[in-house]
Structures are given as structure tokens and as C-alpha cells.
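Participant: here is a sequence together with a model predicted from it:
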Amino acid sequence: MAKILTMEEIKKTIVEYISDDRKTQAVLLDGEWGCGKTFFIKEHLIPALENNIEDAEIYKISLYGISNEDMIQEMLYAQWLEKVVKTKTGKVGKIVNKGIGIFGKSAIHALESKFGAEGAIENVADTLIGDAISKNAHNIIIFDDLERCRVDIIQLMGFLNNLSENNGFKLILVANEKEVCRIDNPSEEALKYLVALKYNENNDDTKNNANGVEKKPMPVSELVTATTEIFGEESLYERTREKLIGLTIPYSVSVSEAFGAVIKKYISDEGIQEKVLANQDRIIKILDENEHRNLRTLIAACIVIQDVLSAVDRGLFAEQDMLNEEFDTVILYSVYSAIRKSAGKSLFQWPNNTRYTCVNSSLWETDRTKIYGYAFIDEYWKTQCIDKDVIEKDLNDRITYRIDVEQSRRQSQEHMNLALYKLGEWYMLTDEEVKLLVQQMKTELSQKKYEPYEFKEIVCTLMRINNPNFGMNYGKDIPNTGNSVYDSTEAAIFNGMEYKETTAVEHEYADWNKVDISEFVDLMVSYFADGDCTLTSEMIRVLTEDKQFAYNYRFLTMRLLDMVEKRKLNEVLKHDNGTLISDIPWDEALESIFKDKHVEYMNQGKFLSLFEINKLIEHLSVASAKEIHNFCDAVQSIYSFSNLWDVYSADLETVSGVLDYIEKNYGTNINSEKSRTKEIAFNRLKADLRKYRKALGYSEEAI
């Protein structure tokens, strides 16, 4: 296998060959399309020829689409005129600098007239090969895109051979040689196919079978094979190349070798250059994973990167480190999208309102590495326009999102360091560590550092710690409790049960004081009552096969469960304007509001117990005499029937609690201003509450 030359070795080889006057044949630089041959010629080879060969006169012509020799001659003549203009004026004019050949003969005639070369265009060949180009100079012509030339290959090879062999021009041909081999005369190629088809037909006895069914046409692959067998494999180019070409150099330079030069050429901003160069390994990896080494693709990506990143005002962003990371994303996605575009794939289809996402997670992608991209890059590909405001907004939105995620992650980490999670395996700790963590958890709960869904785990953890038999049953047969699962929120299944603490039979812990779980529940109740959290019965439900454990848990958390159910009912029974029952004003409309809802209250079996008792007492403490009378009228409209106990027995505790509070606090918190009208109103209220309490089943003996 031939050695793969570096760019430096290729430059050195070509310069040495061109410098040797004994070698008159052309040099062929052969490489795949897009591998960077043209870039190498412009940025590396031409400067090397000018610096190492004295009096070098270099002409570079692209043969792309050229259909006759005259066009080649005109282009060469145009370049010669450029040099004449530069010599005479010391500068290159706008038209000349752009390459006057592209403007046709009229532009050339105008320059000829100005510089005294009028009429030469009719004898371009003699001018070029004669005295017009200095015989004292080393005249070097570089012909690029040889495989894209439309001139008959024999005619083209003869023209080029005449320049080198008979007129002393040093030629450098640049091509994808395997494509040159395919540019035989189309008419001749068609005739070859016809001959192959006729030959196949004459030698095929099965072209028509007995049933008269015609044989299928000969596949193209078989036709090409047959043509090669008949006429041989070599094309006209292959049979004549040895006369013209003396040295063939394969150009297979890796993208990584040309990477730095490409970046510096097509990205003018030094800061952006540094960012792209810092991402070289990642960019090369993307190119390799997509089996893509087309240098033109990298160049196209560089243009996008330069235009997009140079439009961003870095001063608008406080998080410069994050902005730099997002710039990396822009760079990598620009390369990735350039590869897709070069491969003929459609641009990424962005979902509605999505501006940033992973773009290679779909089934049609084979990349092993996730690529993330921005929508504004694909928008640039489509329009070739920069919308600075959109780019900066998208970058800012992404950075804001990252900041929120990072803050959430830190908060999550801090949360997982709370005492509850350290007590998850409390039995692995020392007794003293457990006690300290329990106290810490109580403090954290008072500081509202826990979420409501964690209340259940707090209580269960404390119940396990309080159970003296926890972990003492290893090696013992545990009785089968069956398949029943008990739900702590279902009251009916616990009828007749009592709260029982587990007692140790075989051991004692004299210095182990049980945790007062009610103190923790008090903090939870206060937390919930403040309205700072949302709590549902599902959050505090326990499902277990241990019925006693389920009941004990229910007993400990009953106050929480009652509050949850009350608030749930309160939400259900809101006034039409959305006001909670506890917050409805005690005005003249109160009675009609309650009357309108009386069916719902009866269905729920609750009325006054739907009020949060603290709010009810607070309202009574500040109510006017008229408001108290309005309240009495409204309650009477609901409780005015004989079998009150059958419907609203659940209200007894609330009615008793409110009455007790009034009687104990009258004159202090209740009617502290000693208002006569308020005293009349409270006397009526107390009388009503005593009547309702009795109707709801209250008796002195029960106290």
C-alpha cells in the first residue's frame, strides 16, 4: 500500500518536479471530490511555487463546464491580461481582480484597446504559445476540475500535451481521476452498448420461449460487464494518459491536517477561531462517525459559525461560561447540519415552539453521540440571513433554563441531605445518632423544609423507631397475615379497634425514650393550616397487611386526615363566586347562600364542621352584632328540623368547640369592648349552639 503523503510532502514533491527542466510532462493531483484539492492549490501550493521557483508565472484555470478549446484559451489570455494590467498600473482593477475572463470577449477587447493589444483575441493560440507570455519565466498552468470538462477527452489531452511538450508550459492537473475515466465520447459509449446488446441477443437461445413470452430487458450492470468484456476495461483517457502525465500524486490528506488552515481562512474573528479550534477533536469525530471528509462541508460550516456567533452581543449575558458552552453547541450543530445538507438530506424538522433539542435521536440516524442544535441555524441555512434578536433570545432562553435546572438540582441535593433520608436506614446508626437525627427532623419540619408528600414517611419512620420489636424477628417464623391489604383512610374497616403500642416481650431498653409522634403531627397540622402547602388523603394513605399498624398510623394522623377531608369538602362546596365557606361574608345574603347549598350539606352529612374552626372563632371575635345575628339566621335555616342528629352528627365536635370557646373567652377575646348589642347577639348564639349541641347527641354524662 502506497504511503499517504502529508500536505508538506505533496508541496515539496510538486515544487521539485516543476523546478526540474528535464521533466516536461504534467503533474496530476488525484483525489476524491470534496477532499480539499482546490483549497490546497490556492492556500498552499501556489504560494509554495511562487516562493520557491524564480520568475514563476502561474495561471489557474477551472475546466468546469468548458466545452471547447477556445474557451480555455480565452481564460488563459484573460489571466495574462490581468498580469499586464498589474505590471503597467501597479494594481489590479475591479474587473481584472474578479477575473475578466468571466465577462467574455467584450471585456477582453476593452482592455486590449487600452493597453495596445487590440485584435489579439482573434489569434489567442499564437499569442499564448508565442511571444505574449514571457519565454524567460517559468510558466505554470494549473488546470482544476479536469473530470468536469466537456471537451472530447482525446481533443483535450492533445491540447494539454501540446502546451507541455511543444511549448514548454509546466502543467499541474487537478482531478478525481476515477471520474475522468468515465468521460469517454457519449456517442461511442452508446454504440458500444448497442453492440453488446446485439451480441447478447444473438447468443441467447431463450429470448422467446415456447409460450411466446418475451425475455426481460438486460440489466444495466450486466450490460456494463458485457461491454467491458467485448471492448476491454480501459477508457480513452487511460490509454492516452501516459504520454501527457509524468507524475501522479494521490491527495488523501485528512481533514484534521487541513483543519487549522481552513478555520483561519474562513473565520476572521480570532475569538471564534479559538472556539472552533478548541472543538477540533469533537468536529473530527462527528465527520468520522458520519463517514464524511468533504472539506467543502467544513468550509460551509465555518461560514455559518462566523456569521451566527459574530452577531451575538456577549455583553448581554451574565453567565459567560454557559454562553461559551452554548457556542460549542452552535459550532457542533453547524458542522452536523452542514454534513446533512451536503449528503442531500433535508434539514431537521423542528416541532412547534421548539428552538433547542437533540436532533439525532430518530430512527433514521446512526450516530452514537447525541447532537443538540438550535432552530436558528437551520433557519440561516434556508434564508442565509441573520436575525440577531432571535439568536440572542434563543441563547438566553436556553441559559435561563439551564440555570433553573442547576438550581433545582442543587435544591434536590440539599433536600436529600435532610434528616429523614439519613434515617432511612436508622438501624445502621448508633442510638445517639438516631436521637440526634430525630430531633433534627423535628426542627426541619418546623422550618417547613419537607414537602407534604413526605409527611407519611416521617410518621412511618418514627413508628418503626418506636417499635421495640423492629428487627428482632430474624430467624423466627412470622405468622401469615393473609392477602388483605388495609387502607388507613378507610374508617369502616377499623370499627371497634383501639390504639395499641407494641411492647417488647423478651428485651427492654431502659434508656430509650420513645418519640412523641404527636408533636410532629402538630407541626404538620400547623403547616397545612397555614395554607402553604397542598395535602391530599392519597399523600398520607398507608397500605399494609398489618391491620394494627394501619390503625395506629390512622390514629396518629387523624387530625391531618380530618383537615384534608374538610378542605376537600370546602373546595367542593364553594360559593358560586369561588369563595370558601369559611370566608363567606356574614351579610344579609348569607342565609340564602346556605339555603341554596343545603342539599349538598345533607349529602355530605356536615355543615358547621365544614368551617375551619380557627377561622370560625376568629370571625366571631371581630364580628359586629348584625353579622352575628346574620350567622344565627343562616345556621338556623340549615339546622331547623327535629332529627338533626341523624344527618349532622359529625358537627357535634365543632358546635361544642365553638360554644366552649365563647364561654371561656367572653369578655376577653370575645366582646372585649363590652358592647351591649354584641352581648345580646352572643346570648342568642350561645342559646342556639346549646340547642344544636343537645340535638346532635350531646349529654353531660358523655363528658
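Facilitator: Received, thanks. Numbers count the residues shown, from 1 in each chain.
Participant: residue contacts, the spatially most central residue of the chain?
Facilitator: By CA atoms, centre = their mean, the chain has its centre lying nearest to T357, at 2.5 Å. Counting by CB atoms under 8 Å, 6 or more residues apart in numbering, T357 touches W350, P351, Y372, G373. Heads up, the C-betas are built off the backbone N, CA and C, glycines and all.
Participant: go again with 10 Å.
Facilitator: With contact set as CB atoms under 10 Å, 6 or more residues apart in numbering, T357 has these partners: F348, W350, P351, Y372, G373, Y374, A375.
Participant: now swap in S19 and tell me
Facilitator: Listed by CB under 10 Å, 6+ apart, the contact set of S19 reads L49, N52, I53, E54, A56, H138, K170.
Participant: just V27 next, same as before
Facilitator: 13-14, 17-18, 140, 142, 164, 170-174, 245-249.
Participant: beta partners for it?
Facilitator: V27 has the following beta-bridge partners by DSSP bridges: I172, L247.
Participant: any figure for the gap between it and V174?
Facilitator: For V27, the distance to V174 equals 9 Å [CB to CB, to the nearest Å].
Participant: again with G260
Facilitator: From G260 to V174 the distance is 22 Å (CB to CB).
Participant: of those two, which one has the most company?
Facilitator: It is V174, of G260 and V174, that has more neighbours when counted by other CB atoms under 10 Å, with 24 against 13.
Participant: which non-adjacent residue is nearest that one?
Facilitator: D144 (4.4 Å; CB to CB, 6 or more residues apart in numbering).
Participant: tell me, how many residues neighbour that neighbour?
Facilitator: Neighbour tally, D144, other CB under 10 Å: 20.
Participant: isn't it right up against I61?
Facilitator: Yes - applying CB atoms under 10 Å as the test, D144 and I61 come out as touching, 7.1 Å apart.
Participant: joint contacts of those two?
Facilitator: Shared contacts of D144 and I61 (CB under 10 Å, 6+ apart): none.
Participant: follow-up on the earlier one: now the contacts of V27: which count as buried?
Facilitator: Listed as buried from the contacts of V27 are 14, 17-18, 140, 142, 164, 170-174, 245, 249; burial here means 16 or more other CB atoms under 10 Å.
Participant: which one of the residues you listed is nearest P585?
Facilitator: V174 (91.2 Å; CB to CB).
Participant: about what we covered before: need the overlap of contacts for V27 and V174.
Facilitator: Common contact partners of V27 and V174 (CB under 10 Å, 6+ apart): I142.
Participant: tell me the contacts of the residue nearest to V174?
Facilitator: Contacts of D144 (CB under 10 Å, 6+ apart): 29, 37-38, 41-42, 60-64, 172-175.
Participant: quick one: pLDDT of it?
Facilitator: pLDDT for D144: 87.
Participant: start and end of stretch 581-601, how far apart?
Facilitator: The straight-line separation of the ends of stretch 581-601 (CA to CA, to the nearest Å) is 11 Å.
Participant: low-confidence ranges, the stretch 251-400 of the chain, go.
Facilitator: For the stretch 251-400 of the chain, the stretches with pLDDT under 70 are 361-369.
Participant: please apply the same query to the stretch 1-150 of the chain.
Facilitator: Low-confidence segments of the stretch 1-150 of the chain (pLDDT under 70): 1-3, 84-137.
Participant: again, but for the stretch 501-650 of the chain
Facilitator: In the stretch 501-650 of the chain, residues with pLDDT under 70: 502-512, 532, 569-578, 580.
Participant: quick one: the strands in it?
Facilitator: Using DSSP state E, counting those that start in this stretch, the strands of the stretch 501-650 of the chain run over 543-544.
Participant: state the distance from L685 to Q155.
Facilitator: L685 is 118 Å from Q155, by CB to CB.
Participant: looking at the two, which is more packed in?
Facilitator: Using other CB under 10 Å as the criterion, L685 and Q155 rank with L685 on top: 20 against 12.
Participant: what sits against that one?
Facilitator: L620, A623, I628, H629, F631, C632, V635, V658, L659, I662.
Participant: just give me the neighbour total for the residue nearest to the fifth one when sequence neighbours are not counted.
Facilitator: So that's F631. Setting aside the residues directly before and after it, F631 is nearest to W586 in space (CB to CB, 6+ apart), at 5.0 Å. W586 is flanked by 20 other residues according to other CB under 10 Å.
Participant: residues contacting W586?
Facilitator: W586 touches 619-620, 623-624, 626-634, counting by CB under 10 Å, 6+ apart.
Participant: can you flag the buried ones in those residues?
Facilitator: Neighbour counting by 16+ other CB under 10 Å classes H619, L620, A623, E627, I628, H629, N630, F631, C632, D633, A634 among the contacts of W586 as buried.
Participant: now those as TSV including distance to K547?
Facilitator: Below are the buried ones among the contacts of W586 laid out as TSV (distance: CB to CB, whole Å):
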residue	distance to K547
H619	41
L620	42
A623	46
E627	48
I628	47
H629	50
N630	48
F631	43
C632	45
D633	47
A634	43
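Participant: where helices are concerned, which of these count?
Facilitator: Using DSSP state H, the subset of the buried ones among the contacts of W586 located in helices is H619, L620, E627, I628, H629, N630, F631, C632, D633, A634.
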